[in-house]
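> Generate a structure from the sequence data that follows.
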Amino acid sequence: MMKWVLAESDDHVVAALSELAGIHPLIARLMVNRGVSDPSTARSFLACDLSSLTKPDLFLHMNKAVHRIRKAVSAREKIVVYGDYDVDGVTGAAVLYLILGSLGANVHCYIPNRLTEGYGVNISALDNIKSDGAGLVITVDCGITAHKEATHARSLDLDVIVTDHHEFTHPDAGSLETGKETMLPDVYAVLHPALLSTNASSDEKNRVGVLTGVGVAFKLGQALLDVPAQDERLKQYLDLVALGTIADVGRITGENRILIKHGLDILSGGAPANRLGIAALKQVSCLEGKKIGVGNVGFTIAPRINASGRLSRADSAFRLLTTTSSEEAGELATTLDAVNRERQAVEEGITAQARQQCAEIDTRHAGALVLSSNEWHTGVIGIVASRIVEEFYRPTALISIKEGVGKGSARSIPGFNLYEGLTACQDLLLGFGGHKYAAGFTIREDCISAFRERLSAIVLERIGPQGFIRTLSVDGATNLGDLTLDLMQEIDKLAPFGQGNPEPRLGARDLEVLSTRIVGKNHLKLLLRQGTGPAFGAIAFKKGDLLDRQVRKGSRIAAVFTPRINTWNGNVSVDLEIRDLKNEKQP
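Here you go, the predicted model:
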């Protein structure tokens, strides 16, 4: 059962925005629900212009970082871009590598092995990088908590510039006095969305604060090129920025929304000459010639880029994004496609085992689900954790145990800050890092039981029983007759949709079911009419089991749905994607 929650928006504010900004009342309501109520802000939101991005020097250490990098470029000093093995880290590393290469830098890239090195900067890698003659390391999507590693780099006379977006604390946080800078690793410079100039306005902080690893790398790249964001020398990298940001489930608000919108435009067109790998990946993904949206990236392109890093090394994904050889691009795309199919098979096996463990416990009274096995592949447990969260609606951690040490990946639900939860359990962990909704950690096998009990208790204490009730936010009620093609084109201007900028969810009552049928894999296809208005096609994915039980021809239902433009055989219509429905009357 899902609880529908109507978004609270002041009717007077909505009416004023509609009039002053010259937009449809429904568009005004959708924008107010997303925190946009000022007419000038609304116009800027709809324009989504690259020129409205903040300047890179808003970052506290940006000028210092740029000065050091330019010095290294001029001296032909060896620079190593130290990335991460997920899409955000790989795309961010590719952006910096390509930009530095365009400036004539002696640049190389290092991406750690997920299985043997784990996440982030490690001492052994730093030793090898130094022995190979490098003098400067620039991290991407990692390094903000690498205190011990930073100290070691100092001892090697190796300068490190950290670019990261993950939450950070100091290992001795309890003894610190004040200031975020005292919590930073001892490196040459740190670029992080939470570390901005004291002159930054609250609006600028909010807009920049959503950036993921690739977004921060892009800002550094812009500062190095010293060009406006709309300059083609910089704009050409936005396909990579969009890929990494979407894959990392970055909020599609603030600067992310602008970067993603323009990046998707590039992805939907022909790939730039230096992005042959993306063109090859689109071809093996059956996306060639199609308009690329957030869903295509998240569910089709990104998993293939991620696959190599999950099952082995991410080097092939990095090479795919940076190659200038059509032949190599095709070979790498084919390889990643095959590895992705292997990843899917491994994932299905682990999901079945995780579900079996859930079946053996009382999940209804558990605050969190902590599952473990010595047979699980560390590269895919995060994906499976997300599946378990979706099915059981509990914060979930999956742990892969090898030789007495477990590597865990955790996902959360709205209302529970996972990073804070792990912080409260840090005495049981060997290390951890991540975000509000996703995190990773290491733990001794003999501490797993205690961790399970404590994390579960923390969840129960902080969110209570009401926190486990699934809710569906509804933007507002509407009459189906108002959903014209012209209005749908206006709604499309609010895209791209995703985390932080969800697709519109509208509600309507007294909908007569004119016909029903099952299509595809248990999808419920309906024809609906409200009053004497026109009929609308509707589909409720994976809800075929509702047929005859809750829905049948002649029924009257209430539904929450997202309206979509549907083009079929040359005909264009407005259809409804039903998110949830409730029976009102049976015939």
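> got a pLDDT number for Gly434?
Note on Gly434: pLDDT of 85.
> got a list of what it touches?
Contact partners of Gly434, counting by Cβ atoms under 8 Å, 6 or more residues apart in numbering, are 166-167, 410, 418-419, 422, 440. Where C-beta positions appear, they are placed from N, C-alpha and C, glycine not excepted.
> now the stretch 301-450 of the chain, which segments are flagged as low pLDDT?
Counting by pLDDT under 70, the stretch 301-450 of the chain shows low-confidence ranges at 311-313.
> In CSV, list the contacts of Gly434 along with secondary structure, neighbour count and distance to Gly476.
CSV is the format used below for these (DSSP: H, G, I helix; E, B strand; the rest coil; neighbours: other Cβ atoms under 10 Å; distance: Cβ to Cβ, whole Å):
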residue, secondary structure, neighbour count, distance to Gly476
His166, coil, 21, 36
Glu167, coil, 18, 34
Ala410, strand, 29, 35
Leu418, helix, 25, 31
Tyr419, helix, 20, 33
Leu422, helix, 24, 37
Gly440, strand, 20, 39
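> So which of the residues you listed is the closest to Arg505?
For these, the closest approach to Arg505 (Cβ to Cβ) belongs to Leu418, at 25.1 Å.
> Which residue, neighbours along the chain excluded, lies closest to the closest one?
Spatially, and ignoring its direct neighbours in sequence, Leu418 is nearest to Ser412 (4.0 Å; Cβ to Cβ, 6 or more residues apart in numbering).
> Over to Val32?
In space, Val32 comes closest to Ser9 once its chain neighbours are excluded; the distance is 4.5 Å by Cβ to Cβ, 6+ apart.
> and the gap between Thr471 and Phe392?
Taking Cβ to Cβ, to the nearest Å as the criterion, Thr471 is separated from Phe392 by 16 Å.
> swap that for Asp231, sorry
Taken as Cβ to Cβ, the spacing of Asp231 relative to Phe392 amounts to 48 Å.
> who's more crowded, those two?
The residue with more neighbours, out of Asp231 and Phe392 and counting by other Cβ atoms under 10 Å, is Phe392; that gives 18 against 13.
> pretty sure the more buried one contacts Leu369?
Yes: taking Cβ atoms under 8 Å as the definition, Phe392 is a contact partner of Leu369 at 6.3 Å.
> joint contacts of those two?
Residues touching both Phe392 and Leu369 by Cβ under 8 Å, 6+ apart: 358, 363.
> now for the helix-or-strand element of the chain with minimal mean pLDDT, which elements pack on it?
The weakest-scoring helix or strand in the chain, judged by mean pLDDT, DSSP states H and E, is helix 302-311 (a mean of 85). Contact here means 3 or more Cβ pairs under 8 Å, 6 or more residues apart in numbering; DSSP states H and E; on that basis helix 302-311 packs against helix 87-102, helix 238-247, helix 276-284, helix 315-322, helix 326-359.
> Direction-wise, compare the fourth one with helix 276-284 and give the angle.
It stands for helix 315-322. 100 degrees (axes from the mean of the first three to the mean of the last three Cα atoms, to 10 degrees).
> Please put the alpha-carbon coordinates of helix 315-322 into CSV.
The C-alpha atoms that make up helix 315-322 are tabulated as CSV, following Å, rounded to 0.1, in the frame of the first residue of the first chain:
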residue,chain,number,x,y,z
ASP,A,315,40.8,0.8,-17.6
SER,A,316,38.9,-0.4,-20.6
ALA,A,317,36.1,2.0,-19.8
PHE,A,318,38.5,4.9,-19.5
ARG,A,319,40.1,3.9,-22.8
LEU,A,320,36.7,3.8,-24.5
LEU,A,321,36.0,7.4,-23.4
THR,A,322,39.4,8.7,-24.6
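> Summarise which helices and strands it is packed against.
helix 87-102, helix 276-284, helix 302-311, helix 326-359.
> what about the closest residue to Phe451 other than its chain neighbours, neighbour count?
On the basis of Cβ to Cβ, 6+ apart, the spatially nearest residue to Phe451 that is not a chain neighbour turns out to be Leu428, at 4.8 Å. Per other Cβ under 10 Å, the neighbour tally for Leu428 reads 20.
> so what's Leu428 up against?
Contacts were defined as Cβ under 8 Å, 6+ apart; by that measure Leu428 touches 443, 447, 450-451, 454.
> Just name the closest of those to Gln356, please.
For the contacts of Leu428, the residue nearest Gln356 by Cβ to Cβ is Phe451; the value is 20.7 Å.
> what helices or strands is the helix or strand encompassing that closest one leaning on?
Secondary structure from DSSP states H and E places Phe451 in helix 448-463. Secondary-structure packing of helix 448-463 (3+ Cβ pairs under 8 Å, 6+ apart): strand 369-373, strand 396-402, helix 418-423.
> and that helix with strand 396-402, angle?
What separates the directions of helix 448-463 and strand 396-402 is an angle of 170 degrees, with the same axes, to 10 degrees.
> Could you list the residues in contact with helix 448-463?
Where contact means Cβ under 8 Å, 6+ apart, the residues beyond helix 448-463 that reach it are 366-368, 370, 372, 394-395, 397, 399, 401, 406, 415-416, 421-422, 424-425, 428-429, 443, 467.
> Ok, stretch 562-570 next?
Counting by Cβ under 8 Å, 6+ apart, the neighbours of stretch 562-570 from elsewhere in the structure are 483, 485, 488-489, 491-492, 503-506, 537, 572-577, 579.
> and the gap between the residue positioned nearest the centre of the chain and Asn340?
Note on the chain: the residue nearest the mean C-alpha position is Val249, at 1.0 Å, using Cα atoms, centre = their mean. Between Val249 and Asn340 the distance, using Cβ to Cβ, works out to 19 Å.
> Next: Leu96.
25 Å.
> ok, the two, which is more surrounded?
Taking other Cβ under 10 Å, Leu96 and Asn340 do not tie; Leu96 has more neighbours (30 against 20).
> quick one, what contacts that one?
With contacts defined as Cβ under 8 Å, 6+ apart, Leu96 is in contact with 81, 138, 140, 163, 217, 220-221.
> again, 6 Å this time
Shown here is Leu96, whose contacts under the criterion Cβ atoms under 6 Å, 6 or more residues apart in numbering are 81, 217.
> what's the pLDDT at the nearest residue to Tyr188 once chain neighbours are set aside?
In space, and not counting its chain neighbours, Tyr188 is closest to Asp159: 4.5 Å by Cβ to Cβ, 6+ apart. Looking at Asp159, its pLDDT reads 98.
> Show the backbone phi and psi for Asp159.
For Asp159, the backbone dihedrals are phi -80, psi 140 (criterion: degrees, to the nearest 10).
> beta partners for it?
With DSSP bridges applied, the residues forming beta bridges to Asp159 are Leu136.
> does it really touch Val187, like I thought?
No: counting by Cβ atoms under 6 Å, no contact exists between Asp159 and Val187, whose distance comes to 7.8 Å.
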